[in-house]
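Q: Okay, predicted coordinates and the sequence, questions at the end:
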Amino acid sequence: MNIRELLSEKVKSAMLAAGIPDECQPMVAPSKKAGFGDYQANGAMGAAKKMGSNPRELAAKIVAQLALDGIAEQVEIAGPGFINIHLDSQWLSTQLGNAERDDALAIKPATTPQTIVVDYSSPNLAKEMHVGHLRSSIIGDALVRILSRLGHNVIRQNHVGDWGTQFGMLIAELEEQLSESDSAGMALSDLEVFYQQAKAHFDRDSAFADKARNYVVKLQSGDAKVLALWQEFKRVSLEHSSEIYRKLNVTLTDDDVCGESFYNDDLAPLVGELQAQGLCQEDQGAQVVFLPELADKEGNPSPVIIQKQGGGFLYATTDLAAIRYRANNLKAERILYFIDARQSLHMQQVFTLARKAGFVADSISLEHHAFGTMMGSDGKPFKTRSGGTVKLAALLDEAIERANAVITAKNPELADTTDIARKVGIGAVKYADLCKTRTNDYVFNWDTMLSFEGNTAPYLQYAYTRVQSIFRKADIDPNTLSGPVEIASEQEKSLAIKLLQFGEILAQVADDAMPHILCTYLYDVASLYMRFYEACPILKSDVEPGTRDSRLRICHAVARTLETGLDMLGIEVSERM
Ligand SMILES: NC(=[NH2+])NCCC[C@H](N)C(=O)O
């Protein structure tokens, strides 16, 4: 149980004992300001309102029933009825000592583990991955890591775009280029260029355009030759994505790919079912669902086309089939989508229609976790200088190169910087994204993200390295320290409380799918550690051995928390920097 849960339970019992109705909540949270205790219980005000009594008197009744012996050293009532709880240093010492020893640190597994499907990254295989897929990949992966760590059964779904009319054109082009090229890998070494070639070919050569259209039909009817070409195209394109995932330290593998093509056979029956349920109607030859639930300001229902005139299916049709599969076959209890905010209406339509058609039970939580756009310094969506889309592969190489320059300038004595530059460069790009409130746009800036000051990956990685250097200097393996942790100073106390909040923070990130909360937390840990380090000498000769060992154990808890927290964000640390 984490501190918040423990205090909530205690305050709740006190409220019941004070005769407060069960529906009133204790409202326990860490105090926002110094001087108001470490935690606050704010439930007295709400309860007093409900009961028509005086909030301060009610708070006093709660405090009279509150059994926090050994947990809190002082409880006081402030303002209109806040209950301020000052935690007991001895109790914190024991808690932190236990956490430092525990493999799980202060992280407690979820009480009810769920099956959670996470749809993320999901690039279109016809083109090279670009910066637009960066946010989906790294935010989605952070959630996957956190949810797994909390004990949930997480199923990754890389819903790649591997189907649709454009593949006729691409396969026809591949066939032609293969007669001149040695391998598909060579012909497709630059997907962007290849796509442009195919498109130009399609536009200028009507015989080729006919062939491309014919290949779409053949692909859909399962023609062996066309299918083989398509598979080859898909294989090479997925290799490109896998390389980026490896570079980015994103956990997606080929096993997680469940692309649009997977649902192909399901689309016609699905439209049939919607027809049978009377949910869709014909409109100019197309099959359309009108959703009054999502009506615009004038009251016009929101139209969702699920089958085009001529029979073709759409993005929404595939997403409906996918959501049904995830609910029924994968047995998801929560389905999370990490997709650009510009697809919000699409997701709302899919969720509303899926519920209406009974494809997903009400008990299943459907969540579109939208994110904003990555902007350039000009305040417009991030582009190359010539206005083209920035390829992810090139961006990541540049990050590593820049990180290398920054770390060699900082520490010219470092022997081999290859591995450190990779961790710092990739970490900086990921952290700069993850530390911003997900729903906002943010400006991509190399200098800020690679800075060793402020809320950045290099700052946190460096904080970790500094702690590790203390153990090296003392020539001590922190795992062998056996004396107790003693929380004596104010700096030790606030650091201890912060460290013990790790589990609370993760539970919140898991609920809201907001990784920036974890980033802020890790930054707070590192900052409180710096304060502690300034105020509490560790290896000075006049420090008592018991105090030294206690402080070393606190350092160890800090290092492990930073390492584990960064790992949950998919960011690696180094022993030296
Ligand atoms: N189930 C989904 N619609 N997932 C997101 C797919 C994203 C789409 N392939 C794109 O690149 O924009």
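A: Arrived safely. Numbering: from 1, shown residues only.

Q: burial of residue 204, as a residue count?
A: 9 (other CB atoms under 10 Å). For the C-beta atoms, the positions are set from N, CA and C on the backbone; glycine is no exception.

Q: Tell me where the model's unsure across this structure.
A: For the chain, applying pLDDT under 70 flags no range at all.

Q: residues from the chain in reach of the ligand?
A: By CB under 6 Å from any ligand atom, the residues of the chain that approach the ligand are 119, 122, 123, 124, 159, 161, 319, 322, 337, 339.

Q: among those residues, who's most crowded?
A: Among the residues of the chain next to the ligand, residue 337 has more neighbours than the rest - 27 neighbours, counting by other CB under 10 Å.

Q: contacting residues around the closest residue to residue 181 other than its chain neighbours?
A: Distance criterion CB to CB, 6 or more residues apart in numbering; nearest residue to residue 181, sequence neighbours excluded, is residue 187 at 4.3 Å. Contact partners of residue 187, counting by CB atoms under 8 Å, 6 or more residues apart in numbering, are 174, 177, 178, 181, 194.

Q: And for residue 505?
A: 517, 518, 521.

Q: May I see the PyMOL selection of the buried members of those residues?
A: Buried members of the contacts of residue 505, defined by 16 or more other CB atoms under 10 Å, are picked up in PyMOL with:
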select buried, resi 517+518+521
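
Q: Just the contacts of residue 505: which are in helices?
A: 517, 518, 521 (DSSP state H).

Q: ok, what's across the strand from the closest residue to the ligand within the stretch 351-500 of the chain?
A: In the stretch 351-500 of the chain, the residue that lies nearest the ligand is residue 368 (9.4 Å; CB to the nearest ligand atom). Counting by DSSP bridges, residue 368 is bridged to residue 337.

Q: thought it was touching residue 352?
A: No: the pair residue 368 / residue 352 is not scored as a contact, 11.6 Å apart, by CB atoms under 8 Å.

Q: if we can go back for a sec, what's the burial count for the residue of the stretch 351-500 of the chain closest to the ligand?
A: 19.

Q: In contact with it, which residues?
A: 337, 339, 343, 344, 347, 348, 351.

Q: And the fourth one, which helix or strand is it part of?
A: Element membership of residue 344 [criterion: DSSP states H and E] is helix 344-356.

Q: Next: residue 5.
A: Per DSSP H and E: helix 3-17 holds residue 5.

Q: show me the contacts for the residue lying closest to residue 257 once chain neighbours are set aside.
A: Leaving aside its sequence neighbours, residue 257 sits nearest to residue 158 (CB to CB, 6+ apart; 4.7 Å). Counting by CB under 8 Å, 6+ apart, residue 158 touches 120, 121, 122, 252, 256, 257, 258, 259.

Q: now the strands: where do they sit in the stretch 351-500 of the chain?
A: Along the stretch 351-500 of the chain, the stretches classed as strands by DSSP state E, counting those that start in this stretch are 365-368, 374-375, 442-443.

Q: Check which helices and strands the last one is in contact with.
A: Contact here means 3 or more CB pairs under 8 Å, 6 or more residues apart in numbering; DSSP states H and E; on that basis strand 442-443 packs against strand 374-375.

Q: helices or strands next to the strand it packs on in the packing?
A: Against strand 374-375 (3+ CB pairs under 8 Å, 6+ apart) you get helix 132-149, strand 442-443.

Q: Dump these into JSON lines; add mean neighbour count as well.
A: Putting the helices and strands packed on strand 374-375 into JSON lines (neighbours: other CB atoms under 10 Å) gives the following:
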{"stretch": "helix 132-149", "mean neighbour count": "23"}
{"stretch": "strand 442-443", "mean neighbour count": "16"}
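
Q: Format those as TSV; extra columns: distance to residue 378.
A: TSV is the format used below for those (distance: least, CB to CB, whole Å):
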stretch	distance to residue 378
helix 132-149	17
strand 442-443	9
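
Q: Select, out of those, the one closest to residue 538.
A: Among the helices and strands packed on strand 374-375, helix 132-149 comes nearest to residue 538, with 29.7 Å by CB to CB.

Q: Can you tell me the strand partners of the helix or strand just after the closest one and which way each runs?
A: Once the chain leaves helix 132-149, the next helix or strand it forms, by DSSP H and E, is strand 153-157. Strands that pair with strand 153-157, judged by DSSP bridges, come out as strand 115-119 (parallel).

Q: follow-up on the earlier one: of the helices and strands packed on strand 374-375, which approaches residue 55 most closely?
A: Of the helices and strands packed on strand 374-375, nearest to residue 55 by CB to CB is helix 132-149, at 37.2 Å.

Q: if we can go back for a sec, quick check: of the contacts of residue 158, which lies closest to residue 40?
A: residue 120 (36.3 Å).

Q: tell me, how many neighbours does that closest one end up with?
A: 27.

Q: For the stretch 151-300 of the chain, which segments count as helices?
A: If DSSP state H, counting those that start in this stretch is used as the criterion, the helices of the stretch 151-300 of the chain fall at 166-178, 184-187, 191-204, 206-220, 224-248, 264-276.

Q: Buried residues in the fourth one, which are they?
A: In terms of neighbour count (16+ other CB under 10 Å), helix 206-220 has its buried residues at 208, 209, 211, 212, 215, 216, 218, 219, 220.

Q: Please list the residues outside it that contact it.
A: Contacts for helix 206-220 (CB under 8 Å, 6+ apart): 165, 167-169, 171-173, 176, 201-203, 225-227, 230, 264.

Q: Just the buried ones among those, please.
A: 167, 168, 169, 171, 172, 173, 176, 201, 202, 226, 230, 264.

Q: Can you tell me the closest non-neighbouring residue to the second one?
A: By that I understand residue 168. residue 216 (3.4 Å).

Q: got it, and the fourth one?
A: Setting aside the residues directly before and after it, residue 171 is nearest to residue 229 in space (CB to CB, 6+ apart), at 4.6 Å.

Q: what does the third one give?
A: The spatially closest residue to residue 169, leaving aside those adjacent along the chain, is residue 212, at 4.1 Å (CB to CB, 6+ apart).

Q: Distance check, the one you found against residue 465.
A: 55 Å (CB to CB, to the nearest Å).

Q: Same check on residue 75?
A: Taking CB to CB, one finds residue 75 at 40 Å from residue 465.

Q: same deal with residue 132?
A: Taking CB to CB, one finds residue 132 at 33 Å from residue 465.

Q: Could you give the backbone dihedrals for whichever residue of the stretch 1-150 of the chain sits closest to the ligand?
A: Residue nearest to the ligand within the stretch 1-150 of the chain: residue 122 (3.7 Å; CB to the nearest ligand atom). Backbone torsions of residue 122, given as degrees, to the nearest 10, read phi 40, psi 60.
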